[in-house]
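**Q** Prediction below, plus the sequence it came from.
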Amino acid sequence: MNYPVWYVPAFGGGLLIAMVAIVHVFVSHFAVGGGLYLVLAERKALREKSQAIMDFVRKHTRFFMLLTMVFGGLTGVAIWFVISLIHPAATSLLIHTFVFGWAAEWVFFLVEIVALFIYFYTFGRMDDRTHQAIGWIYFGAAWMSLFLINGIIDFMLTPGVWLADANFWSGFFNPTFWPSLFFRSFMSFMLAGCYGFVTATFLRDEQARHRMIRYSGVWALASLILSVPAGWWYIAVLPEKAKGLVVGASPTITRAATVGAFSMAALAALVIILILLRPQSRSRALTVVVMIAAMGYLGAFEWSREAARRPYVINQVMYSNAILKKDVERINQDGFLKNAKWVQHKEVTEANQLEAGRELFLHQCFACHSLGGFNNDILSRTKNMSYGAMRKYLVTIHEKRYFMPPFVGNEAELKALAAYLTVGLHKKPLADEAVTAGVHGKTLFDDNCAACHGADTLKPKMSGWSQAKVRAALDKLPALNAAMPDYNAPAADKEAMAGYLFGLNNPQTAAPAQDQGATLYEENCAACHGFDLIKPKLIGWSRAKVRTSLDKLSALNPAMPDYTGTAVEKDALADYLAKQAGGAR
């Protein structure tokens, strides 16, 4: 809220960061593990007195230098560029908190650059012992870069004791520091082996080619196996909320975990086949598949780690929309627009409601949602919700979907955002059925009936009538009294008037104009489940099965929060779902 929003509607901010960051992660981890691979591969060539392997190491070093120093350097700069545009508040907080850590990392990165250039350009010009020492210096500096960046990145997920003492070392050596360091180290070595697979297939010497492919396969397989317990350790020390998201409460992480599991299985199977069972199957095409599987495994981890922070960009400190948690109560009292520096409208009025709502969307929702784009498209997620349902949803959005930040602002701003998401994006009526049902029914009565019938005269005549009887009567008015014309109106209007008339004698029990089950579905389910998607899944379900499922939603799917409505509300929702799915009872 203290910075302008870089508005790229088709992508959204989060997807752009992910696209750049994950590519950089593939390269930067290779820059660490590949350094050790080069030194040990050179040592292997010296020990076995193999010029063919030494030539391979030299060529692999060239490939390694171009990929990590040139392309890796560009993607590293791209990360700073993108996060500074999309998340300037979080970027600023990390820089100010870890100034010493960043400075140290840049020193080690400089050592990496110098050592790698010397290592490559002195092949055959320096004695073997000194040349290998330069290689070890490179690897040590690269691993120290990983060590430093690891502490800062994991601080964003698990700040730990830093929340209480704001101490540099408390934030750096946070609860996930050590498991993440081990996991990332093993992943670096695994990637080094997989990259070695690819370059080794270009060796002309058949014997050297098979030996280096097998050597690279051992690297990849051993590192993959060691990464698994490190990954479990990482999950074990996560905060409860984050752990809940990782084990199934977040649909995003569930999809990423599925990709990761398949990638890990494919990687293990391919590596075993290539180095143990069918070495004659070694080909460039298969080694590329191995590389893709490795990237899928690491990419799934990175995506899950990012998503596990939600609804925060820095856990328990700053929400993903750059609002500090400690400021929420104050902003709710003063109003968000009044505190935001880069908005045109400082308060909501009747004239600017939709424009103010759009500004609230950009500052509070756009960090995670695109507009008609690829990532968490807000259009598809709001198309089934009315203005009234959206208002209610925004009030409890954080409680219903923990990984979404709470709405921050006053009541007028909440209404403005709800109006933009429904009226502004979908041209829906600015009416809250749950609030105005009685008013709408009375308006219909006044327009169509009040000239002949006062409500006070009709009230005793309908004493003891159920709402269903009142509703049925509106379909056959001439049969009740030949002097009354037919009431030709849409079914929704008849429901509204029936609710109003029934409420004359039963003010506490009158049902809303809209079917209660439909309203409950819209308020609690429609944001995630369009009925066109959920209806096929309910085909064949009895009403009893639907009703039972409403008592255990999280057991059916960890990504769904339990429905906390009353038994009466669950009955109404079950009736509606069963009816819409085919009328099962």
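**A** Yep, that arrived. Here the structure is a predicted model, which means the values were calculated and not measured.
**Q** Please report the number of neighbouring residues for Tyr138.
**A** 27 (other CB atoms under 10 Å). C-betas here are computed from N, CA, C, even on glycine.
**Q** Contact partners for it?
**A** Gly35, Leu38, Val111, Glu112, Ala115, Leu116, Tyr119 (CB atoms under 8 Å, 6 or more residues apart in numbering).
**Q** Mind putting these into CSV with neighbour count and pLDDT?
**A** Output for the contacts of Tyr138, formatted as CSV (neighbours: other CB atoms under 10 Å; pLDDT from 0 to 100):
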residue, neighbour count, pLDDT
Gly35, 28, 95
Leu38, 25, 96
Val111, 17, 97
Glu112, 24, 96
Ala115, 21, 97
Leu116, 26, 96
Tyr119, 26, 96
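**Q** In helices, which of those residues fall?
**A** Among those, the ones falling in helices (DSSP state H) are Gly35, Leu38, Val111, Glu112, Ala115, Leu116, Tyr119.
**Q** from those, which two are the most distant?
**A** Leu38 and Val111 (15.8 Å; CB to CB).
**Q** Quickly list the domain ranges of this structure.
**A** 12-319, 325-426, 433-505, 516-580 (automatic domain parsing).
**Q** Any figure for the gap between Val568 and Tyr393?
**A** 20 Å (CB to CB, to the nearest Å).
**Q** With neighbour numbers in mind, choose between those two.
**A** Comparing Val568 with Tyr393 by other CB under 10 Å, the one with more neighbours is Tyr393, at 21 against 9.
**Q** what about the more buried one, which SS state?
**A** Here Tyr393 is recorded as helix under DSSP: H, G, I helix; E, B strand; the rest coil.
**Q** show me the contacts for it.
**A** Tyr393 neighbours (CB under 8 Å, 6+ apart): Met385, Lys400, Glu523, Asn524, Ala527.
**Q** so which of those residues would you say is closest to Arg471?
**A** Glu523 (22.8 Å).
**Q** Pretty sure that closest one sits against Lys392.
**A** Yes - assessed by CB atoms under 8 Å, Glu523 is found in contact with Lys392 at 4.9 Å.
**Q** These two: which is more packed in?
**A** Comparing Glu523 with Lys392 by other CB under 10 Å, the one with more neighbours is Glu523, at 22 against 19.
**Q** Remind me what the host helix or strand of that one packs against, helices and strands.
**A** Here Glu523 sits within helix 516-524, counting by DSSP states H and E. Here helix 516-524 touches helix 387-395, helix 433-448, helix 567-580, going by 3 or more CB pairs under 8 Å, 6 or more residues apart in numbering; DSSP states H and E.
**Q** ok, now with 6 Å
**A** helix 387-395, helix 567-580 (3 or more CB pairs under 6 Å, 6 or more residues apart in numbering; DSSP states H and E).
**Q** Please identify the most buried of the ones you listed.
**A** helix 387-395 (a mean of 22; mean count of other CB atoms under 10 Å).
**Q** pLDDT averaged over it, what's the number?
**A** Helix 387-395 carries an average pLDDT of 88.
**Q** next helix or strand past it?
**A** helix 397-400.
**Q** Give me the buried stretch members for that following helix, please.
**A** Neighbour-count burial for helix 397-400, counted by 16 or more other CB atoms under 10 Å, picks out Ile397, His398, Lys400.
**Q** residues in contact with Gly424?
**A** Counting by CB atoms under 6 Å, 6 or more residues apart in numbering, Gly424 makes contact with Leu354.
**Q** just the strands in the stretch 101-250 of the chain please.
**A** Shown for the stretch 101-250 of the chain, no strands are assigned by DSSP state E, counting those that start in this stretch.
**Q** Can you list the residue ranges for helices in it?
**A** Secondary structure of the stretch 101-250 of the chain (DSSP state H, counting those that start in this stretch): helices located at 128-157, 162-165, 168-172, 177-200, 206-236, 240-244.
**Q** do the stretch 451-585 of the chain as well
**A** 455-461, 467-473, 477-480, 491-505, 516-524, 531-538, 543-549, 553-556, 567-580.
**Q** And those helices: which comes nearest Glu413?
**A** Among the helices of the stretch 451-585 of the chain, the nearest to Glu413 by CB to CB is helix 516-524 (19.8 Å).
**Q** Taking helix 567-580 as reference, get the angle to that closest one.
**A** 100 degrees (axes from the mean of the first three to the mean of the last three CA atoms, to 10 degrees).
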